[in-house]
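**Q** Build me a structure from this.
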Amino acid sequence: MLKNKHYFIMLVLFCLTTNSLIHLYAQNFCDSTLLQNNNGPLGYSYRGNRCEGIYAKPVGATTLWIASFTESFEDYKLNTNKPLLVEWDRPSASSVIRLRAQGVKRRLYYRMDTHLPAVNNSFAWANNVLSSLNIGKNDIGVICLTKLALGNKTQEVYLPVRIKQTGKSIRNKSFTLAIIPGVELSEIYTSLSAADADGKPGKYIVEDKKLGYGYYPADRSIATNVSGLVAEGFYYMEISAILKSGGTSTLGFWFYYSKKARS
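**A** Residues are numbered from 1 along each chain as shown. A predicted model of the protein is given here:
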């Protein structure tokens, strides 16, 4: 009897420890503010190798934020169990890889977050939540980030992703960037430069290029092509926006470009 009781206590302790470890691991890459929201079985929660699901409407808005940065994005199917494969090229000095998917469709409050070891260059993304929520390619944006030293500073660096469900990944010489404004804009200008020897933005490849779309409503994804990349390495892009209400807002970010066999 005592022996059975001992085994029972050990089993309870094991379960409690395992659950604690799982919760601790989830905290490492899950957004705790989203985890606090209760949205049922499809709510944002820990799902083994990621946190994913819907969440309550966020409070406030950022003037400009990066919603997606992709090299290629296959139009995936939801009526299959085949996962999406997300791939990226990484510099040798990468740190932890952070992968995020975000709803870009109006009133779609959806997120997927995961962290991966620096050596990883791919992630198998189960599509069960996407399928249950009927979320297609045009409804989400995907970004991949790492941190590394550029010059004498540690910078957050974007790694453009390739997303596929079948066949081979498509490599391109240009990327697709999607940004979302929190307020209505009058115009957007982009500038691009490669890192110099000191790890700072060098001579402009593109300077104050006008998008000229004519209409930039709040909370609507705005896509632009990032091209003109020649040498492998780090690039700095700056997005300058003129607000409809007056004033300006600027968003700058670093990204990595690899010259591996591209079409």
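**Q** so who does Glu184 touch?
**A** Neighbour list for Glu184: Tyr216, Pro217, Ala218, Leu243, Lys244, Ser245 [criterion: CB atoms under 8 Å, 6 or more residues apart in numbering]. Quick note: C-beta positions are derived from backbone N, CA and C, even for glycine.
**Q** where's it relative to Ala218, distance?
**A** Computed as CB to CB, to the nearest Å, the Glu184 to Ala218 distance reads 5 Å.
**Q** How about Tyr216, nearest residue that isn't a chain neighbour?
**A** Spatial nearest neighbour of Tyr216, excluding adjacent residues (CB to CB, 6 or more residues apart in numbering): Leu185 at 3.7 Å.
**Q** pLDDT value on the one you found, please?
**A** Note for Leu185: predicted pLDDT of 97.
**Q** Help me confirm that it comes into contact with Ala241.
**A** Yes: Leu185 lies in contact with Ala241 (CB atoms under 8 Å); the separation is 4.9 Å.
**Q** and for those two, which residues touch both?
**A** Overlap of the contact sets of Leu185 and Ala241 (by CB under 8 Å, 6+ apart) consists of Tyr216.
**Q** if I look at Leu145, how far off is Ser240?
**A** Look at Leu145 and Ser240: by CB to CB, they are 22 Å apart.
**Q** Looking at these two, which is more packed in?
**A** Taking neighbours as other CB atoms under 10 Å, Leu145 and Ser240 compare with Leu145 leading, 21 against 17.
**Q** Just the strands from the stretch 1-150 of the chain, written as ranges.
**A** In the stretch 1-150 of the chain, the strands defined using DSSP state E, counting those that start in this stretch lie at 45-46, 51-54, 64-73, 84-88, 97-103, 110-116, 122-125, 140-150.
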